[in-house]
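S.K.: could you work out the structure for the sequence below:
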Amino acid sequence: MDTMKNTVGQRTTEMALQLGLLYKPADALKIGLVDQLEPEDQVIAAATQTISRWLAIPDHARQITKSMMRKKTIDKLKSNRESDIQYFVNFITKDSIQKSLGGYMEMLKKRRA
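M.R.: I've put the predicted structure just below:
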């Protein structure tokens, strides 16, 4: 949740998570959830080009910046880890949630067919 909020903002994250939104690729790009879209036959070339840009930056500089940018979220995740795990387990094992997830999985299977 924090990572998504840092990426697309509070309101977009809140709506997406509460409504269980699934974004079409163009919509994910529009809100900033993904950086770019590529045709399937061009994905490897585009990924190679993108990673080359990142690898051109010295590792230590990239790592320091990344750590600084994500420190607050990482610290929060570390300090709340056990309570987050317990909350998730209690939530996900509820009968109503299991039933909803089962229905959701069936819907996704039908979409693929």
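S.K.: spell out which residues make up each domain of the protein.
M.R.: What automatic domain parsing lists as the domains of the chain is 1-37, 38-79, 81-113.
S.K.: tell me which of these sits most buried.
M.R.: domain 1-37 (a mean of 12; mean count of other Cβ atoms under 10 Å). C-betas here are computed from N, CA, C, even on glycine.
S.K.: contacts for the helix or strand containing Leu29 next, please.
M.R.: In this assignment (DSSP states H and E), Leu29 forms part of helix 25-31. Residues from elsewhere that reach helix 25-31 (Cβ atoms under 8 Å, 6 or more residues apart in numbering): 8, 12, 23, 34-37.
S.K.: which parts of this structure are helices?
M.R.: Using DSSP state H, the helices of the chain run over residues 2-8, 10-19, 25-31, 43-55, 59-79, 81-92, 95-112.
S.K.: distance from the chain centre to the last one, please.
M.R.: Put simply, helix 95-112 sits 20 Å off its chain's centre (Cα atoms, centre = their mean, to the nearest Å).
S.K.: what sits against Leu37?
M.R.: Contacts of Leu37 (Cβ under 8 Å, 6+ apart): 25-26, 29.
S.K.: what score does it have for pLDDT?
M.R.: Confidence at Leu37, expressed as pLDDT, is 97.
S.K.: quick one on the thing from earlier: put together a markdown table for the helices of the chain, with mean pLDDT on each row.
M.R.: A markdown table is the format used below for these (pLDDT from 0 to 100):
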| stretch | mean pLDDT |
| --- | --- |
| helix 2-8 | 92 |
| helix 10-19 | 96 |
| helix 25-31 | 97 |
| helix 43-55 | 96 |
| helix 59-79 | 92 |
| helix 81-92 | 95 |
| helix 95-112 | 91 |
